[in-house]
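Novice: with the sequence up front, the predicted model follows.
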Amino acid sequence: MYNIPHETIINNFKEIADKYQELIMHLMQGKGSIIPQNLMSPFGDQKSLAFRRREDIMKLL
């Protein structure tokens, strides 16, 4: 098993989540781009979906 500090894992995940959010915003601003339903929370809020994914990963740590 790798000996990676939890802070490093959390920081790396935050960077990935931020890049994912940027990608979603980029796609939403494109001409005729539609965000697939499976990338959105049931409430249509992408940010809360990213937050829930982060919570799921935190539970695994």
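Specialist: Cool, the structure landed. Numbering: from 1, shown residues only.
Novice: same for the least confident helix or strand in the chain by mean pLDDT, what does it pack against?
Specialist: The weakest-scoring helix or strand in the chain, judged by mean pLDDT, DSSP states H and E, is helix 46-60 (a mean of 74). Secondary-structure packing of helix 46-60 (3 or more C-beta pairs under 8 Å, 6 or more residues apart in numbering; DSSP states H and E): helix 6-29. C-betas here are computed from N, CA, C, even on glycine.
Novice: now the angle from the helix it packs on to helix 46-60?
Specialist: Orientation check (axes from the mean of the first three to the mean of the last three C-alpha atoms, to 10 degrees): helix 6-29 against helix 46-60 gives 160 degrees.
Novice: packing partners for helix 6-29?
Specialist: helix 46-60.
Novice: phi and psi next, for N3.
Specialist: Note on N3: its backbone torsions stand at phi -100, psi 80 [degrees, to the nearest 10].
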